[in-house]
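Engineer: Need a 3D model of the sequence below.
(one chain, ligands or ions: 1)
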Amino acid sequence: MESTKDEFNIPNVIIDPRTRTQYSKGKFLGKGGFARCYELIDVSTGQAFAGKVVPKSMLVKPHQKEKMQQEVTIHQSLNHKHIVQFFSYFEDENNVYIVLELCRRRSLMELHRRRKTVTEPETRYFVKQIVEACIYLHDKRIIHRDLKLGNLFLNDQMEIKIGDFGLATRIENEADRKRTLCGTPNYIAPEVINKKGHSYEVDVWSLGCILYTLLLGKPPFETSSLKDTYSKIRKNDYLIPENRISRESVLLIQRCLRHEPYDRPTMSQIYMDTFFSGFTPATLPTSVCTVAPRYS
Ligand SMILES: COc1cc(C(=O)NC2CCN(C)CC2)ccc1Nc1cc2c(cn1)c(C)nn2-c1cc(Cl)cc(-c2ccccc2C(N)=O)c1
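Structural biologist: Numbers count the residues shown, from 1 in each chain. Next up is the predicted model:
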């Protein structure tokens with residue numbers, strides 16, 4: 001079959017030279033940063049994957065190559081139920097390809113956009129899985145550094161799969177504080193803005209922002225300009241509308257959004273928080289992508 005080429009020069013059949021696996025290029029799923037994402041189908045098994053494609057023309061500067069290498073090195077070292085599975089990484093003359101677990105229900109971003117707010121049981125269901133994955137990451141001395149709704153993917157069983165390790169880093173020694181972060185996390189912590197040195201606590205801050213956004217329908221520090229948002233983060237200036245969410249939810253959000261990193265709980269402490277004492281469904285139907293569930 002004559003391979004059609006678009007500006008990314010992606011052939012219709014892509015071959016992983018290491019495993020000799022042949023993938024046919026499926027539908028365009030989306031784009032993020034330098035990458036475009038396509039459904040890739042293994043022609044011998046029919047299994048579908050999410051293929052992140054990065055043109056080599058975007059990886060000419062050394063630090064861009066290093067960032068890509070860091071993302072691959074970290075992601076391929078992970079194996080957890082609530083983290084996107086990394087399958088393969090290879091290149092051809094034009095592109096680098098990362099073959100990842102396909103999450104057919106997209107991400108919490110699309111669910112949030114459609115639902116605006118989600119119920120507390122649904123939030124406990126999702127956040128419990130995110131925290132389990134973060135305990136695993138932090139135990140391996142890895143900080144994700146860009147936890148946000150668009151990186152929290154959902155499979156057909158509505159299970160959370162954390163993806164996009166493009167800003168992740170590894171802490172060599174427990175006492176280490178990272179000084180640099182090239183990229184702009186969506187839910188950025190004050191110590192990153194102030195370049196004060198940061199560590200695992202930045203993921204707890206992002207989790208607080210995710211909790212707030214799921215339960216209240218918009219991010220805690222949102223304004224019309226990045227400058228004003230950064231100013232509110234620096235001043236820890238956010239409001240939790242009283243009586244719209246439970247006391248336990250208010251308290252957990254406040255703990256995760258404490259200005260000083262060392263005042264925030266660890267992921268293991270969050271996992272034991274009274275917030276999770278409330279009813280938590282064991283599974284969720286795919287209908288929650290569009291309508292609130294009815295709990296019998
Ligand atoms: C069937 O599975 C999916 C369908 C769709 C889908 O129906 N997209 C439509 C959007 C509207 N346009 C007009 C047509 C396509 C999106 C993501 C899927 N799944 C999926 C995506 C994945 C992964 C696993 N699974 C992994 C791992 N990474 N990405 C990934 C990678 C990159 Cl570079 C960008 C994005 C992305 C880009 C833009 C917006 C949203 C996203 C997003 N977070 O899903 C997602």
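Engineer: Please count neighbours and contacts with C-alpha atoms only from this point.
Structural biologist: Noted.
Engineer: quick one: the strands in this structure?
Structural biologist: For the chain, the strands defined by DSSP state E occupy 13-16, 21-32, 35-42, 48-55, 86-91, 95-101, 142-143, 152-154, 160-162, 169-170.
Engineer: Can I get stretch 43-63 as CSV, trimmed to CA atoms?
Structural biologist: The C-alpha atoms that make up stretch 43-63 are tabulated as CSV, following Å, rounded to 0.1, in the frame of the first residue of the first chain:
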residue,chain,number,x,y,z
VAL,A,43,-1.1,-5.7,12.6
SER,A,44,-0.4,-9.3,13.9
THR,A,45,-2.4,-9.1,17.1
GLY,A,46,-4.9,-6.3,16.4
GLN,A,47,-4.1,-4.8,19.8
ALA,A,48,-4.4,-1.0,19.8
PHE,A,49,-1.9,1.4,21.5
ALA,A,50,-1.5,5.1,21.9
GLY,A,51,1.5,6.2,19.8
LYS,A,52,3.2,9.5,20.8
VAL,A,53,5.1,10.7,17.7
VAL,A,54,7.8,13.4,18.0
PRO,A,55,9.5,14.7,14.9
LYS,A,56,13.3,14.5,15.1
SER,A,57,13.4,18.0,13.7
MET,A,58,12.0,19.1,17.2
LEU,A,59,14.8,17.3,19.0
VAL,A,60,17.9,19.1,17.6
LYS,A,61,19.0,21.0,20.7
PRO,A,62,20.8,18.8,23.3
HIS,A,63,18.4,19.7,26.2
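Engineer: now the residue lying closest to residue 245 once chain neighbours are set aside: how far from the ligand?
Structural biologist: Computed as CA to CA, 6 or more residues apart in numbering, the closest residue to residue 245 that is not its neighbour in sequence is residue 215, at 7.2 Å. As judged by CA to the nearest ligand atom, to the nearest Å, residue 215 and the ligand stand 20 Å apart.
Engineer: I'd guessed residue 205 sits against residue 189; true?
Structural biologist: Yes: under the criterion of CA atoms under 8 Å, residue 205 makes contact with residue 189 at 6.0 Å.
Engineer: For residue 35, see how far away the residue lying closest to residue 67 once chain neighbours are set aside is.
Structural biologist: Excluding its sequence neighbours, the residue lying closest to residue 67 (CA to CA, 6+ apart) is residue 166, at 7.1 Å. For residue 166, the distance to residue 35 equals 11 Å [CA to CA, to the nearest Å].
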